[in-house]
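Chemist: Generate a structure from the sequence data that follows.
(one chain, ligands or ions: 1)
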Amino acid sequence: MKAVTVRTLRDMKREKQRFSCVTAYDASFARVAEAAGIETLLVGDSLGMVLQGHPTTLPVTIADMCYHTASVSRAVSRPLVIADMPFMSYGSQADALENASRLMRAGAHMVKMEGGAWLSGSVRALTERGVPVCGHLGLTPQSVNSFGGWIVQGRDPADAQRILTDAAELEDAGAAMLVLECVPRTLAAEISACVDIPVIGIGAGGATDAQVLVMHDLLGMNARPPRFVRNFLTDGGSIHGALEAYAKAVRDGSFPAPEHGFD
Ligand code: KIV
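Modeler: Below is the predicted model:
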């Protein structure tokens, strides 16, 4: 099967074909996700919470991310592998270049960074040097302390405008993709329509170009799942079946349902 690239995903957006993304942190889960037809794998810094048991993603290091990115990337050949830049690994442009290089050498095809317009310089520098970048806006988990909790972002009109402007600036700087997390569905729909790059939603309603979920959430392993999660293991019957059911539901638009989004 042909490898999924940034071009594949852009074409899918243009042709209005939704694609799916799931987090993967190791070779075994990555292989099952690939076999289930998932187009993109995110080596998320959510591993700090899911694998390491921390209350936030902040303790995750670049060494952790390189280890898990290498484990995932050596196991698969079709999905595009996106690796998260962890907290404070891209505070300056020099750090962004150094740490993105480490992730790309570990096997990532794209790096993801949380933040808006302030990241434009780093996004441009990375893009010019051949590193595709995915932006991440809305409820960016590395800023949970600044937000004062896991709170939906962009409900206030001024915040919504800022997120919209951030999305446009990241695209201008060369970002190849965007993740929008926990924003009102109308804002996500507006951003997805305004930018040409694919937008992956999580808790952002059904109008984005793609969806992402944390693997362990969609397998029902979270005792207190957020509202935007659906347990696909119940219908799927096995890990492979759950991932296939997730990919199909994203493709046909039945996930996310209205109850998974925010107003
Ligand atoms: O770290 C992660 O898993 C993420 C997704 C939930 C978007 O950033």
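Chemist: Next, the most centrally placed residue in the chain: secondary structure please.
Modeler: Among the residues of the chain, residue 179 comes closest to the average C-alpha position under C-alpha atoms, centre = their mean, at 5.0 Å. Reducing the assignment to helix, strand or coil with DSSP: H, G, I helix; E, B strand; the rest coil, the entry for residue 179 is strand.
Chemist: Residue 112 now?
Modeler: Under the three-state scheme (three-state DSSP), the conformation of residue 112 reads as strand.
Chemist: so the residue nearest to the centre of the chain bridges to which residues?
Modeler: In this structure, residue 179 has beta-bridge partners residue 136, residue 200, where bridges are defined by DSSP bridges.
Chemist: Residue 129: what's it in contact with?
Modeler: In this structure, residue 129 makes contact with residue 97, judged by C-beta atoms under 8 Å, 6 or more residues apart in numbering. Any C-beta I mention is one placed from the backbone N, CA and C, and that applies to glycine too.
Chemist: what does the protein have sitting close to the ligand?
Modeler: Within the chain, the positions adjacent to the ligand are 23, 42, 44-46, 84, 179, 181, 202, 212, 214 by C-beta under 6 Å from any ligand atom.
Chemist: residues near the spatially closest residue to residue 114 that is not a sequence neighbour, how many?
Modeler: Of all residues not flanking residue 114 in the chain, residue 140 sits nearest, at 3.7 Å (C-beta to C-beta, 6 or more residues apart in numbering). Each residue near residue 140 was counted by other C-beta atoms under 10 Å, and the total is 20.
Chemist: give me phi/psi at residue 140?
Modeler: When quoted as degrees, to the nearest 10, the phi and psi of residue 140 stand at phi -80, psi 110.
Chemist: and what of residue 84?
Modeler: Listed backbone geometry of residue 84 is phi -80, psi 140, with angles given as degrees, to the nearest 10.
Chemist: Run a quick neighbour tally on it.
Modeler: The number of residues packed near residue 84 is 31, by other C-beta under 10 Å.
Chemist: Wait, it touches residue 112, no?
Modeler: Yes - at 5.0 Å, residue 84 counts as touching residue 112 under the criterion of C-beta atoms under 8 Å.
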